[in-house]
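A.B. asks: With the sequence up front, the predicted model follows.
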Amino acid sequence: YTSSALQEQILRLFTQVIYKFPKLVISVITRESVRNALVRGISAAQIVEYFTVHAHPQCLLRYPPVPEVVADQLYFWEKERSRITAEPAVVYSD
């Protein structure tokens, strides 16, 4: 729940907005939306921290406010980007 245009734009950095109502933004976290955030320099830890700090008061009643499976998936997608790295190479052939 938010009526802040700033908060909505921050959410758009790492989620895909599905619906926008007055004081309510409904969005989903997708691999593509998180990949775009990672390309922009936003880490998985920062996304989890954002969700923790801006969690609905009812979500704060449980610990952790961000389900572990969600946080784990964000970290997995972040690590997925660094599995393969390109390095300069020379090919010799006869």
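C.D. replies: Happy to help now that I have it.
A.B. asks: Mind listing what's buried along the helix of greatest length in the chain?
C.D. replies: For the chain, the helix reaching the highest residue count under DSSP state H is reported as helix 68-80. Neighbour-count burial for helix 68-80 flags 71, 74, 77-78 (criterion: 16 or more other C-beta atoms under 10 Å). For every residue, glycine as well, the C-beta is placed using N, CA and C.
A.B. asks: That one packs against which elements?
C.D. replies: Contact here means 3 or more C-beta pairs under 8 Å, 6 or more residues apart in numbering; DSSP states H and E; on that basis helix 68-80 packs against helix 31-39, helix 44-53.
A.B. asks: mind putting the ones you listed in CSV, mean pLDDT included?
C.D. replies: As requested, the helices and strands packed on helix 68-80 are arranged in CSV below (pLDDT from 0 to 100):
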stretch, mean pLDDT
helix 31-39, 92
helix 44-53, 91
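A.B. asks: ok, residues contacting the longest helix of the chain?
C.D. replies: Counting contacts by C-beta atoms under 8 Å, 6 or more residues apart in numbering, the residues outside helix 68-80 that touch it are 29, 31, 34-35, 38, 43-45, 47-48, 51, 64.
A.B. asks: How about stretch 21-36?
C.D. replies: Everything outside stretch 21-36 that qualifies as a contact, by C-beta under 8 Å, 6+ apart, is 1-3, 7-8, 11-20, 44, 47, 70, 73-74, 77-78, 81.
A.B. asks: And what about residue 92, helix, strand or coil?
C.D. replies: The local conformation at residue 92, judged by DSSP: H, G, I helix; E, B strand; the rest coil, is coil.
A.B. asks: what's the helix-or-strand element of the chain with minimal mean pLDDT packed up against?
C.D. replies: The least trusted helix or strand in the chain, going by mean pLDDT, DSSP states H and E, turns out to be helix 5-14, with a mean of 85. Taking 3+ C-beta pairs under 8 Å, 6+ apart as the contact definition, the neighbouring helices and strands of helix 5-14 are strand 16-21, strand 24-28, helix 31-39, helix 44-53.
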